[in-house]
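A.B. asks: need coordinates for the following:
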Amino acid sequence: MKTLSVIIPTYNTSKEYFSKCLASLVCEQAGEIEIVVIDDGSMEQYSSEIKQEIEKSPLDIYYCKKKNGGQNSAREYGLVKATAQYVFFMDADDYVDTVALDTVISLLKDNYPDILAFNYDVRTPDGEILEKYDRWKKKYDKVDVHKGLLYSDSLCLQIYKKDVLCKSRIHLIQGVRIGEDMASATAILAAVGTEHATNECLYHYVKHPGSTLSNPPKESALDMVRAFDAMLEQLDTSIQEKYHMELEWLAILHVLYYNINRILKSFDGNKKFIKETQDWMEKKYPDWKNNSYLKTEPIAKKILFIMTVNGHVLLLQSLYQMKKGSEDLFKGTNV
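C.D. replies: You can find the predicted model right below:
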């Protein structure tokens, strides 16, 4: 059995990006890797180019084309096809650090963690580093799951032992455009209840102008709410109680704060969407203002939180206009 199955969904992915993704996986321990490419109903032109790149690659690659069902649908399909001990979800237009990949494979073989998290950065398509996330400081260390949940941004930022993932009975969240990654990764970690991490910067996330996250469609305005609901439905009450403070904080951050900011920026401050988001928060987490993590946030973010929950839409919109001249105030707020 190989050590690592890399599951890569593709949907109308450009040849250039996919080629770079595959090339980054050609490491010294490539024999320990299988690549599972799930074509999620791409147009024939893109499918043909993907198959050409696969034929040129020295890697062990399984390719399958299925009816379009969304990224997590393709990931779950790939999980069924994966045969290695561990699974690693990658996006087809991202890439990894080849040297770090060798180190990570060795850590998996030597330590057998249930989940292994790692550091990452965000880059332009040309490779310019926009942001670095050095969350983990040691070569290999056990993570307090309460802390780990605070960093459960994406399925692509952890490697999962396949049998543990399957036994968790967590299904990857589908049917939304925004929030499915965060909600799925959070549900898995909370259900599994154990995690290790390495300080290797393995993953390079490529941020594209015009991406789903950069320009969300109107029908996705409440997707973060839907994703969070789908996550909570999969977690037993005992797990929700155990990690209440962390789940509440993630709801504050992703549903109340980021989602309302997204509505302000991308949906002209639609009051109906904002009210529905606020009502959801008050219903699910009525005591959220006393969350211990909120109390540790910088003053600028606290001010924005207060304005958000109190519905000061016009003032927030004015602050967006002022942002270019006030970068220090908004630093670290994702506004």
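A.B. asks: what comes up buried for stretch 218-232?
C.D. replies: With burial defined by 16 or more other C-beta atoms under 10 Å, the residues of stretch 218-232 counted as buried are 220-232. In this view, the C-beta of every residue, glycine as well, is placed from N, C-alpha and C.
A.B. asks: now the terminal residues of stretch 236-247, how far apart.
C.D. replies: 13 Å (C-alpha to C-alpha, to the nearest Å).
A.B. asks: could you check how far it is from the centre of its chain?
C.D. replies: 20 Å (C-alpha atoms, centre = their mean, to the nearest Å).
A.B. asks: quick one: mean pLDDT for it?
C.D. replies: Average pLDDT, stretch 236-247: 97.
A.B. asks: L155 against S184, yeah?
C.D. replies: Yes: if you go by C-beta atoms under 8 Å, L155 and S184 touch, sitting 5.6 Å apart.
A.B. asks: and for those two, which residues touch both?
C.D. replies: Here L155 and S184 have L172 as joint contacts, going by C-beta atoms under 8 Å, 6 or more residues apart in numbering.
A.B. asks: okay, R262: pLDDT?
C.D. replies: On the pLDDT scale, R262 gets 78.
A.B. asks: kindly confirm my reading that it is in a strand.
C.D. replies: No: read with DSSP: H, G, I helix; E, B strand; the rest coil, R262 is helix and lies in no strand.
A.B. asks: D97 and T198, how far apart?
C.D. replies: Computed with C-beta to C-beta, to the nearest Å, the distance linking D97 and T198 is 12 Å.
A.B. asks: mind telling me what element the closest residue in space to Y285 that isn't next to it in sequence is part of?
C.D. replies: Excluding its sequence neighbours, the residue lying closest to Y285 (C-beta to C-beta, 6 or more residues apart in numbering) is E248, at 4.7 Å. E248 belongs to helix 244-250 when assigned by DSSP states H and E.
A.B. asks: just Y203 next, same as before
C.D. replies: Counting by DSSP H and E, Y203 is part of strand 195-206.
A.B. asks: partners of that strand in the sheet?
C.D. replies: strand 95-96 (antiparallel), strand 115-123 (parallel), strand 141-143 (antiparallel) (DSSP bridges).
A.B. asks: next, the buried residues of the strand or helix carrying S19.
C.D. replies: Assigned by DSSP H and E, S19 falls within helix 15-24. Residues of helix 15-24 classed as buried: 17-22, 24 (neighbour count, 16+ other C-beta under 10 Å).
A.B. asks: can you list the domains in this structure?
C.D. replies: Domain segmentation of the chain under automatic domain parsing yields 4-206, 218-330.
A.B. asks: just those domains: most buried one?
C.D. replies: domain 4-206 (a mean of 19; mean count of other C-beta atoms under 10 Å).
A.B. asks: same question for it, mean pLDDT?
C.D. replies: On average, domain 4-206 scores 97.
A.B. asks: got JSON lines for the buried residues of helix 15-24, with distance to R169 too?
C.D. replies: As requested, the buried residues of helix 15-24 are exported to JSON lines (distance: C-beta to C-beta, whole Å):
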{"residue": "Y17", "distance to R169": "33"}
{"residue": "F18", "distance to R169": "32"}
{"residue": "S19", "distance to R169": "36"}
{"residue": "K20", "distance to R169": "35"}
{"residue": "C21", "distance to R169": "30"}
{"residue": "L22", "distance to R169": "32"}
{"residue": "S24", "distance to R169": "32"}
